[in-house]
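Turn this into a structure:
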Amino acid sequence: MDIVKTKVAKQLSLWHKLVLLLAVILIIGVIYQRNSQGGVSVSRSNIIISDVRQGALSITVTGYGELKSAQQQLLTAKTPATVQAILLKPGAIVTSDSIIVQLANPALEQQLKSAQQELNKLNANLRQLRLNNTREQLNELSDVAQSHAAYENAKLKLKAETSLVEQGIVSTLNYQRSRLDEQQLRQQLAIAKQRAEQLEAVHIESENVQLEQIKQQQGVVAMAQTQLANLSVAAGIDGVLQRLPVELGQSVNPGQEIALIGSVDSLIAIIQVPQNQVDDIRLAQLAHVDTRRGVVKARVVRISPVVVNNTVEVELSLPKELPENVRPQLTVDANIEVAQLKDVTYIERPANVKPHSVRDLYQVNSQQQSAHLVDIKFGREAGRFIEILSGAQLDQQLIISDLTNLTRSNSEILIN
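Model (predicted):
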C-alpha cells in the first residue's frame, strides 16, 4: 500500500507543474496582447503636443547664406612686379585713395627715365628745326625782296624810255631790251614769291611731323608714369578690404589678383535655397533676413538658373539702413514669403515631416491620457508651421515628437 500512495503523489506534483506553466504562458499572452493593442506608456515630459489651428498662414521658403557687398572692386597687377610692402590687411576700412600694397619694378623706373630723355631730345630737335626754318625763310624773303627791287627798277626804266623812244632820244633796240628785262624780272619775282610760299608749307609740315613724334613720345612717357604709379595699389572705392591673397616678397604677373574691395554701405544677401522649393520664388517677393543682430526686410532681385549641391542661389537686396556691425561675409538666414493662405488648418511641423506628404501621428484624447494613430495629409510648409489638408480638425491635439519606433507596432499608447 505504501508504494501505491507514492505514485499518486508524484502524479499530482506533475499536474501542478503543468497548470503553473499554462498560467505563465497565459499571463505572457495577455501582456503581449495588451502591448499590441496600445498598452505602451510614454511620459508626458518626453513628448511634445501641439494644437491644430486654423487661420491665415504665410508660406515661406527658408534659406541660409551670407551678406556680400553690392559693389566690389577687384585689384590686379598691371605689370610684373614684386610685393614690396603690405600696408593694410583684410577687414580694414578703406577709402578710394587708400594704398593697400606697394609693388616694386626697377625696370619700369629705367623705362620712364629713357622715355623722358627721348622726349627731351625730340623737343630739342623741334627747337633746332624751327631755328633752321626761320633762317631759310628769311633767306627766301631776302631773295624775294631783291627780285622785287630789280623788277621795280626795270619798270621805271621802261616807263621812262617809252616817252623818249617816241622823241627819238632812245633807240628802238634799247627800248625793246628794257621791255624784255621788265618781263623777265616780273616772272622772276612771281617765281620767288611762289618758292617762298612753298618753303613755308614745307616748314609747317616738317614741324607737324616733329610734333607728332613728340606727341607719341609723350604717350610713351605717360604710360610709363601710369605703370609706375600703378605699383602703388589703391582701393579705388570706399569700403572694406575683403581679400588679400599676396605675401611680402611675392612676385606677381599682369592680371594676378592683388586684393578685393567691397562696399560696406550697400550690401546684398546671397541665400542658398533647396531646389525643390525654388519654383515658388518670384522676383520682388518680400523676405526677412535674420542678421543675428536684427531682422531686416529684403526683396528678391535675382534667382540663379544653376543648381549646385541641390541648392539654388537667390539674391536679396537689402535697405541702406542696417543694424550696427552688419558687414560683408556675415552668415544670415532668410525667410522668403511666397504665398499668403487664408482660413487654412495647420500645426507646428512635426519631426521628420516633409511638405506634401502623408504621415501617421498620434492624436491625443480629450483627457490627454492616451493617443491613437491617425493618417495626416500635409500640404505646404510655412516656417515652423505646416498646412494640414486632411486627417485632423481644429482644436485637436497631435504628438509632434518623433515616435517612429512606436508607430510601427502600436496603434495606441498611454500617456503618463
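
can you pull the contacts of Val332?
Shown in contact with Val332 (Cβ atoms under 8 Å, 6 or more residues apart in numbering): Tyr64, Gly65, Glu66, Leu67, Ala269, Ile271, Val289, Asp290, Thr291, Arg292. No exception for glycine: its C-beta is placed from N, CA and C like everyone else's.

How about Asp51?
Ile347, Asp395, Gln396, Gln397.

if you set the cut-off to 7 Å instead, what comes out?
Asp395, Gln397 (Cβ atoms under 7 Å, 6 or more residues apart in numbering).

And the contacts of stretch 397-416?
37-44, 47-52, 347-348, 350-352, 360-364, 368-373, 392.

Stretch 140-151 too?
Leu185, Arg186, Gln188, Leu189, Ala192, Lys193, Arg195, Ala196, Leu199.

Cross the residues you listed against helices and list the overlap.
Among the contacts of stretch 140-151, the members found in helices (DSSP state H) are Leu185, Arg186, Gln188, Leu189, Ala192, Lys193, Arg195, Ala196, Leu199.

Can you flag the buried ones in those?
Among the ones in helices among the contacts of stretch 140-151, those classed as buried by 16 or more other Cβ atoms under 10 Å are Leu185, Arg186, Gln188, Leu189, Ala192, Lys193, Ala196, Leu199.

picking that back up, closest to Leu22 out of the contacts of stretch 140-151?
Top of the list for closeness to Leu22, among these and by Cβ to Cβ, is Leu199 at 143.0 Å.

Quick check, the closest one in contact with Gln137.
Yes: applying Cβ atoms under 7 Å, one finds Leu199 in contact with Gln137, separated by 6.4 Å.

mind listing the helices for the stretch 301-416 of the chain?
According to DSSP state H, counting those that start in this stretch, the stretch 301-416 of the chain carries its helices in the segments 404-407.

Tell me where it has strands.
With strands called from DSSP state E, counting those that start in this stretch, the stretch 301-416 of the chain shows them at 311-317, 331-348, 358-364, 370-382, 385-390, 397-399, 412-415.

Let's have those strands in a markdown table, adding mean pLDDT and distance to Asp238.
Listed next are those as a markdown table, based on pLDDT from 0 to 100; distance: least, Cβ to Cβ, whole Å:
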| stretch | mean pLDDT | distance to Asp238 |
| --- | --- | --- |
| strand 311-317 | 95 | 20 |
| strand 331-348 | 89 | 23 |
| strand 358-364 | 89 | 54 |
| strand 370-382 | 87 | 41 |
| strand 385-390 | 90 | 43 |
| strand 397-399 | 88 | 55 |
| strand 412-415 | 84 | 63 |
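
With distance to Gln213 added, can I get those in a markdown table?
As requested, the strands of the stretch 301-416 of the chain are exported to a markdown table (distance: least, Cβ to Cβ, whole Å):
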| stretch | distance to Gln213 |
| --- | --- |
| strand 311-317 | 53 |
| strand 331-348 | 60 |
| strand 358-364 | 86 |
| strand 370-382 | 75 |
| strand 385-390 | 79 |
| strand 397-399 | 90 |
| strand 412-415 | 99 |
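
contacting residues for the spatially most central residue of the chain?
Nearest to the mean C-alpha position of the chain, counting by Cα atoms, centre = their mean, stands Gln72 at 6.2 Å. Listed by Cβ under 7 Å, 6+ apart, the contact set of Gln72 reads Leu260, Ile261, Gly262.

Let me know the helix or strand that the first one is in.
Okay, so that is Leu260. Assigning secondary structure by DSSP states H and E places Leu260 in strand 257-262.

In the stretch 101-250 of the chain, what residue spans correspond to helices?
106-167, 172-229.

Quick one: closest of those to Ser96.
Among these, the nearest to Ser96 by Cβ to Cβ is helix 172-229 (14.7 Å).

Tell me which residues touch Val40, please.
For Val40, the contacting residues are Leu406, Asn410, Ile413, Leu414, by Cβ under 7 Å, 6+ apart.

any idea of the pLDDT on it?
At Val40, the model reports a pLDDT of 81.

now it: how far from Ile413?
To Ile413, Val40 is 5 Å away according to Cβ to Cβ, to the nearest Å.

cool, and Leu108?
Relative to Ile413, and taking Cβ to Cβ, Leu108 is found at 82 Å.

Repeat that for Ile388.
21 Å.

I'd like to check which residues are in contact with Pro323.
Pro323 neighbours (Cβ under 7 Å, 6+ apart): Thr291, Arg293, Gly294.

what about 10 Å?
By Cβ atoms under 10 Å, 6 or more residues apart in numbering, Pro323 lies in contact with Thr291, Arg292, Arg293, Gly294, Val295, Val296.

Looking at strand pairing, list the partners for the last one.
When bridges are assigned using DSSP bridges, the partners listed for Val296 are Val289.

now stretch 401-412, how far from the chain's geometric center?
On the basis of Cα atoms, centre = their mean, to the nearest Å, stretch 401-412 sits 50 Å off its chain's mean C-alpha point.

what do you get for stretch 132-143?
With Cα atoms, centre = their mean as the basis, stretch 132-143 stands 66 Å off its chain's centre.

List the buried residues in that stretch.
Asn133, Glu140, Asp143.

Which parts of the stretch 1-150 of the chain are strands?
In the stretch 1-150 of the chain, the strands defined using DSSP E, counting those that start in this stretch lie at 40-42, 49-51, 53-69, 72-76, 81-86, 93-94, 99-104.

who does the last one pair up with?
Applying DSSP bridges, strand 99-104 is found paired with strand 81-86 (antiparallel), strand 232-234 (antiparallel).

Redo the ones you listed as CSV? Include mean pLDDT and mean neighbour count.
Listed next are the strands paired with strand 99-104 as CSV, based on pLDDT from 0 to 100; neighbours: other Cβ atoms under 10 Å:
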stretch, mean pLDDT, mean neighbour count
strand 81-86, 94, 17
strand 232-234, 94, 20
